[in-house]
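Visitor: Generate coordinates for the sequence data below:
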Amino acid sequence: MKRTVPIFILSALLYSCTEKEGKVEVAESAPQEISLPFESISLNDLGDFKKTSSNWSIGGDVYVDRLKDKQIMVSEGSGVLVNIPDSESKAHIFTNFEHGDIELEVDVMMPKGSNSGLYFQGRYEVQLFDSWKTEEATFSDMGGIYQRWDATKEKGSEGYEGSAPRMNAAKAPGLWQHVKVVFHAPQFDASGQKVKDAEFYEVWLNGVLIHENVKVSGPTRAAIANDEVAKAPLMIQGDHGAVAFKNFSYKLYGNPRLSFVDMKMKEFESEQVLLPNVDTLTPIREVGTDSISSAMVVGKKVTRILDYKGKMLVPVTGDYLFDFKLNQAGGLLIIDNDTVVNHDGSFTLDSLGLAKVSLTKGEIPFRLIYNKHNPWNIGFGLYVEGPGIQRHSVHAQSSINDRPRISKNRIMVEPSDKAVTQRSFLMHGDEKRTHCISVGTPQKINYAYDLASGCLLEVWSGEFLDATQMWHSRGIRQLGEPAGFAVSFHGTPEFSVLSSDNSDWPDNISEEGLQFSEGYELGKDGIPLFIRKIESKIIRDKMVPSSDERRLNRTILFSGEGEIWHKVASGEAIEKLPDGSYIINDESYFVDFSNDSLAPVIRKSNGKEELLVKIPTGEQKVEYSIIW
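Guide: Numbers count the residues shown, from 1 in each chain. Below you'll find the model as predicted:
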C-alpha cells in the first residue's frame, strides 16, 4: 500500500490522507537508505569474465607491503580479483557483459610501483597507478584519462589528448582505493557515422571528483581495438603489474529520460513559511510552460508560491528515485495524487528529499509546489533516476546550480614559507563543529583539530582551505572546507581517564567532564602545540608533516601523576599488519608507531574496534605517523 502525506496543508494544520495501490518509499527526518540497485560482478570465481590466462585469480584477501615493489600476497578464499603477471602469463581480462553508457564503482589496491588500467569498452582507459608520492599528477597517474597515440607523428609527439586528474587523490600502496566512473559511449547515426564522442562524464577517486565532462575523440593508447562501437566489454589491463579489485558494481544506462508535458504554472503571493491551502488562494498569474524553474518568480526579493501541474512522460515501467532539493524554502512533490516528498517549512540543499516510486510507462499526473518564503534565497532542483536511466535534472538550468562542479572561483587560504592556521566551523560527517582550527603547511600536508573535543578531525594533502563559505557574501554557513584529498577520524575525545580497561570510551567532552583545553602555542614554523589538562596530567600534542611523503608525524608528551588512555583510532576493523603498522577500516589509512615502548592495543567498544595506548604515570612520550 502507498503511504501518503497530505497534498494541502490547511491553516488549522489538519491533514487528510488517502491510500491507493502501489509503492512509495520516502526518506523522512531520519536518514535511511533509499537507492536504486546496482548490478554486481561475482568474485566467487571467474565465471563473470571471459576466459583468460593464469595471471588472473580469485582470492579471499590481499596484503601489500608498501615498501616492496609490485608485490602482492593473496590468501585463499573468494571476493577479491587478483592479477599477478609474469613473462608467460600477462593477458587482459574482459567482462562477459557489454556496455554503452555505464556507471561503475570498484575498490582497487595498488602495490608500490604497480600499473594497470580500466578500459571502458576495451578502448578508453582510466589509469590505475601507484601515484602516492607524486606531487603534480599527469594523465599517466592514478585516475588519469590516458593519452591517445599516433605512431606516424614525429618522435616525442606521438601522444596527444589525455587528461590529468585535478588533484592527486591516490592513497598509499596497500590501501583500498575507491574508483567511481560515469562513462558515456560514443553515439552513431543510422548510417553508422559517429555523431558524438565518448565522454568521461565524471571520474571520482577516493571521494574526490577528479574529472568532469572529459571527451575522448577516439581509443586511448594500448586499446584492444582502434575502431569505435556502441557496445563492448569492460577490459582490465593485465600485462603491466600486480593489482587487486573487489566490490565491482555497475548500472547500465541507455533508456530515454523522463520528461514533462501539458504543464501550467500558477504563481501566488505568500509570506507564510508553512504552505496554506493553495486551492483557496487567488493567483497573480497563470501561464503555460515547458519547464519547471524557481526563476519563474516575478520580481526581485519577493516571497512567492509556484504551483506546477502537468504530466510526466514515463519512458519505461519500473522504480524511479526522485530527489527534491530546496534552497531555504519549502515545497511538495506530488505524483499521481500522492505526496512523495513533503518539504513543508524551510529546507536546505543538504536536506533529504528522496522518494522511490514505482511508475508505469505512459503519462502520469504530477504536481510540484515551491514555497519561496525567504526573499533573499532562490532555488530548487528536482532530479530523477530510473531503470536504465542515469540520474539527471528535470528542472530548467536557471532554477539552481544543479551539479557539483569543479569550482574555479574559490576564496582560498594557502601557506607560503611557513604553516598557517585558520579558525572556522567545519563539517565532520553530518555534524557542524564550531571550535575548529585548520593547519596548512608548505609541504601540503594539512589537518584540522577540534579544540572543544580535543581531537584530530581529519588530514588532507594538496591545497589547504576553501574559505568561500566563510567570506563570500554574508558567509551564511561560516564553513571552512578542506581543499585536498582528506581522510576523517573518529571525532571523539582522544584522551580519557578510564575506570577500567574495559570501560566505554566517552562520546563527547561533556560525558567525560574532566578535560579542558589550555589552548595552543605557535612555533616559529607556524605549527601549533596543543596543550590539554586532565586532572593532574598535562598533555602536549604536536603534529608535523613529512617532507617527502603523505605522512603526518605526531608526538605527544605526557607529564604529571596518574594513568591515562589515548585513543589513536576507531573504525569497523583495525588490524596489525606483518610490517608492524596498523590498518584502519581496511582501506582508510595506516598508523605506524615509531617504537614499541608504549605498544597500542586493539579492543572492541561501542560496536567498533579501537586502537588505544595506555599511558603510565609520570613523564611519557608517544610517537606515531598517520599515512594515507
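Visitor: Going by neighbour count, list what's buried in stretch 434-442.
Guide: 436, 437, 438, 439, 440, 441, 442 (16 or more other C-beta atoms under 10 Å). Heads up, the C-betas are built off the backbone N, CA and C, glycines and all.
Visitor: mind giving me the domain ranges of the protein?
Guide: 24-34+256-395, 39-253, 412-627 (automatic domain parsing).
Visitor: Let me have the buried residues of stretch 434-442 in CSV, extended by distance to residue 228, pLDDT and secondary structure.
Guide: CSV is the format used below for these (distance: C-beta to C-beta, whole Å; pLDDT from 0 to 100; DSSP: H, G, I helix; E, B strand; the rest coil):
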residue, distance to residue 228, pLDDT, secondary structure
436, 50, 96, strand
437, 52, 97, strand
438, 46, 98, strand
439, 49, 98, strand
440, 45, 98, strand
441, 46, 97, coil
442, 46, 96, coil
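Visitor: Name the nearest of those residues relative to residue 416.
Guide: Taking C-beta to C-beta as the measure, residue 416 sits nearest to residue 442 out of these, at 7.1 Å.
Visitor: what's that closest one sitting at in phi/psi?
Guide: phi -60, psi -20 (degrees, to the nearest 10).
Visitor: which residues sit in contact with it?
Guide: 415, 416, 417, 418, 419 (C-beta atoms under 8 Å, 6 or more residues apart in numbering).
Visitor: From residue 274, how far out is it?
Guide: Distance, residue 442 to residue 274, using C-beta to C-beta, to the nearest Å: 52 Å.
Visitor: related to what we said a few turns ago, make CSV out of the buried residues of stretch 434-442 and add distance to residue 266.
Guide: Formatted as CSV, these follow (distance: C-beta to C-beta, whole Å):
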residue, distance to residue 266
436, 46
437, 51
438, 48
439, 53
440, 51
441, 56
442, 58
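Visitor: As a markdown table, the domains of the chain with distance to residue 401 would be great.
Guide: Output for the domains of the chain, formatted as a markdown table (distance: least, C-beta to C-beta, whole Å):
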| stretch | distance to residue 401 |
| --- | --- |
| domain 24-34+256-395 | 8 |
| domain 39-253 | 14 |
| domain 412-627 | 13 |
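Visitor: tell me the centre residue of this structure?
Guide: residue 207 (3.6 Å; C-alpha atoms, centre = their mean).
Visitor: For the nearest residue to that residue once chain neighbours are set aside, give me its contacts.
Guide: The shortest distance from residue 207 to any non-neighbouring residue, by C-beta to C-beta, 6 or more residues apart in numbering, is to residue 178 (6.9 Å). Residue 178 makes contact with 105, 106, 107, 108, 204, 205, 206, 207, 587 under the criterion C-beta under 8 Å, 6+ apart.
Visitor: measure stretch 132-143 end to end?
Guide: With C-alpha to C-alpha, to the nearest Å applied, stretch 132-143 spans 12 Å between its terminal residues.
Visitor: Need the residues that contact that stretch.
Guide: Under C-beta under 8 Å, 6+ apart, the answer for stretch 132-143 is 66, 110, 126-131, 144-147, 162-165, 167-173, 177, 179, 203, 205, 210-211, 548-550.
Visitor: quick revisit: and the residue nearest to the centre of the chain, how far is that from residue 125?
Guide: Distance of residue 207 to residue 125, computed by C-beta to C-beta: 22 Å.
Visitor: Could you do residue 624 as well?
Guide: Distance from residue 624 to residue 125, by C-beta to C-beta: 38 Å.
Visitor: likewise residue 203?
Guide: For residue 203, the distance to residue 125 - C-beta to C-beta - is 11 Å.
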